[in-house]
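Enquirer: how would this look folded up:
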Amino acid sequence: DPDQGTLTCISTGGPATTVTWTRDSTTVTQGTQTVLNDPVTAQYTHTLTVTTAGQYTCTVANNKPSSASASTTVAGPSAPTDVTAVQDGPTSITVTWTPPAPLDGITGYTISYTGGGSSGSETVSGGNTMSHTLTGLTNG
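Expert: Numbers count the residues shown, from 1 in each chain. Prediction:
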């Protein structure tokens, strides 16, 4: 699946351990799975399914004074650059941008807007798309 990946962290030894996964220093607990590989050596495999880019850390601890951790960075697609918005008329603007290179599986963009007490968003299909006109807007 191009939209997700699996991180693996292996721990060995006792007493029993606890595992904490973080992404960019925020605890992530969804989707963790721990499997006992070998009861003699107390080797465990801890996995985490990831769908968001960031710096991930697996920290293994037990009731001993020390703990161990390992980190890796999961890269996501780059954002478009050179984003500009030009008013086309009294109720519309055209947003233009340069798509990232490589496209890394980008299939579209979401344009979000707020103002005048309202907000909204529109989804634009196509990773190579370079502009979109928003209509029906109000000043503010």
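
Enquirer: dump stretch 72-83 to CSV, restricted to CA.
Expert: Extracted in CSV, the C-alpha atoms of stretch 72-83 (Å, rounded to 0.1, in the frame of the first residue of the first chain):
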residue,chain,number,x,y,z
THR,A,72,13.9,6.8,12.0
THR,A,73,12.5,9.4,9.7
VAL,A,74,9.6,8.6,7.5
ALA,A,75,9.4,11.0,4.5
GLY,A,76,6.2,12.0,2.9
PRO,A,77,5.5,13.8,-0.4
SER,A,78,6.7,17.3,-0.7
ALA,A,79,4.4,20.3,-0.7
PRO,A,80,3.8,22.4,-3.8
THR,A,81,5.9,25.6,-4.1
ASP,A,82,5.4,29.1,-5.5
VAL,A,83,1.7,29.2,-4.3
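
Enquirer: what sits up against it?
Expert: Applying Cβ atoms under 8 Å, 6 or more residues apart in numbering, the external contacts of stretch 72-83 come out as 5, 7, 50, 52-56, 95-101, 103-106, 109. No exception for glycine: its C-beta is placed from N, CA and C like everyone else's.

Enquirer: buried subset of the residues you listed?
Expert: Listed as buried from those are 7, 50, 54, 56, 95, 97, 99, 106, 109; burial here means 16 or more other Cβ atoms under 10 Å.

Enquirer: may I see these organised as TSV, with secondary structure and pLDDT added?
Expert: Conversion of the buried ones among the contacts of stretch 72-83 to TSV gives the following (DSSP: H, G, I helix; E, B strand; the rest coil; pLDDT from 0 to 100):
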residue	secondary structure	pLDDT
7	strand	84
50	strand	79
54	strand	80
56	strand	87
95	strand	95
97	strand	94
99	coil	87
106	coil	80
109	strand	89
